[in-house]
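Engineer: Predicted model and sequence follow; I will ask about them next.
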2 protein chains.
Amino acid sequence: MPERPQDPAALIAARGGRVTRTRTAVLSVLFDAGRPISHDEVGAALDARGVSHDRVTLYRTLDWLVSHDLAHKVAGPDRAWRFNAVGDEEHRHAHFHCDLCGRVFCLESLQPAIAATLPSGFRLGRAELSFHGLCPSCPGPLRSDAGHNRNKIAP
Amino acid sequence: MPERPQDPAALIAARGGRVTRTRTAVLSVLFDAGRPISHDEVGAALDARGVSHDRVTLYRTLDWLVSHDLAHKVAGPDRAWRFNAVGDEEHRHAHFHCDLCGRVFCLESLQPAIAATLPSGFRLGRAELSFHGLCPSCPGPLRSDAGHNRNKIAP
DNA sequence: CGGCTAATGCAACAGTGTAGCGTTTGTCTG
DNA sequence: CAGACAAACGCTACACTGTTGCATTAGCCG
């Protein structure tokens, strides 16, 4: 759900980076994905577009995009990062992690009002709200394999 | 901050597990830590107590504790799991991840009132609220090395 | 005590991410 | 347009986290 599919090359150039094939392709892939995708998924998408996808270069490209505010990094449930493109909209929404297929979804509509007062000494960088469960395209009720579930969130 | 430092052996036996040296030692370490610690930290603590700490056994022991509701798994910022002991109190609080030292703190006092309505189709398992920044024992203001920071959480 | 099985420990492996370094290639200047 | 400089690439090798298989050990129960 890219709000406005801006020109990747222009965005990259605007940040003072060199406009390379990998960068524009990766950013374009992220824009098209519309949800945070893993390094692997990006690689597959690059394959489909016939763009080289060296593993290391891909990592560095994604890191570059993140450090230049063109992408965001979300921790996935399988200890792999997910990346999603950032237009010029604020990235302040929750994420949903599917326990079954491992995909991550942005919950744009969810703007939690977190009234948080941190204990003294803690300096806040950012907050992250994530939900875990089963996504619409995965079968089954709540899984009951690994211990007990807690179907409650807020008191 | 273990509410009541119950006897690890008794807790383990109560779940129908065999009371072994590794298990009791690991659970005891978790109780003493009072915050989610990594597999590595557990290993170091076991060393200090003169208990064997085979890597694989440690992983399996921790997983066993988690699957029997004696411990909780928290995703760390460095893609390593952190584990903390669970007495009989509910584990419904936020976590603070220090960007510098990587430690994770339980924010017991923080009971966020999340009024979340998931889009239809999503089935919720659990929710997690995490904060990232600098902990009291780490130096410096908010780091400014990797891109721009967002010092705001809630609108 | 004796036996059954859970739990252990060892080795080997898989996936994710990083470091070093020589080569390619944008981009800028003349 | 040509040349040069540095950013970006791509390769190899590596580190770390976590897993699988399997033979061995050791709780627990009779």
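Structural biologist: Structure received.

Engineer: can we go C-alpha only for contacts and neighbour counts from here?
Structural biologist: OK.

Engineer: Name the nearest residue to the residue sitting furthest away from the middle of chain A, ignoring sequence neighbours.
Structural biologist: Within chain A, the residue lying farthest from the chain centre (C-alpha atoms, centre = their mean) is residue A:120, at 30.4 Å. In space, and not counting its chain neighbours, residue A:120 is closest to residue B:136: 7.6 Å by C-alpha to C-alpha, 6 or more residues apart in numbering or on different chains.

Engineer: tell me the SS of the residue farthest from the centre of chain A?
Structural biologist: For residue A:120, the assignment made with DSSP: H, G, I helix; E, B strand; the rest coil gives coil.

Engineer: any idea how far it is from residue A:105?
Structural biologist: 33 Å (C-alpha to C-alpha, to the nearest Å).

Engineer: and residue A:98, how many neighbours?
Structural biologist: 24 (other C-alpha atoms under 10 Å in any protein chain shown).

Engineer: Quick check: beta-bridge partners of it?
Structural biologist: Counting by DSSP bridges, residue A:98 is bridged to residue A:133.

Engineer: Spit out the contact partners of residue A:22.
Structural biologist: Going by C-alpha atoms under 8 Å, 6 or more residues apart in numbering or on different chains, residue A:22 touches A:51, A:52, A:53, A:58, A:61.

Engineer: quick one: it and residue A:72, what's the gap?
Structural biologist: In terms of C-alpha to C-alpha, residue A:22 sits 18 Å off from residue A:72.

Engineer: And residue A:64, by the same measure?
Structural biologist: For residue A:64 relative to residue A:72 (C-alpha to C-alpha), the value is 11 Å.

Engineer: next one: residue A:137
Structural biologist: Here residue A:137 is placed at a distance of 24 Å from residue A:72 (C-alpha to C-alpha).

Engineer: Just confirm the residue nearest to residue A:120 is within a strand.
Structural biologist: No: the assignment for residue B:136 is coil, going by three-state DSSP, so no strand is present there.

Engineer: I figured it was touching residue A:121, is that so?
Structural biologist: Yes: counting by C-alpha atoms under 8 Å, residue B:136 touches residue A:121, with 4.2 Å between them.

Engineer: got CSV for the contacts of residue A:22, with neighbour count and distance to DNA strand C too?
Structural biologist: Formatted as CSV, the contacts of residue A:22 follow (neighbours: other C-alpha atoms under 10 Å in any protein chain shown; distance: C-alpha to the nearest atom of the strand, whole Å):
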residue, neighbour count, distance to DNA strand C
A:51, 15, 12
A:52, 14, 11
A:53, 18, 12
A:58, 20, 8
A:61, 17, 10
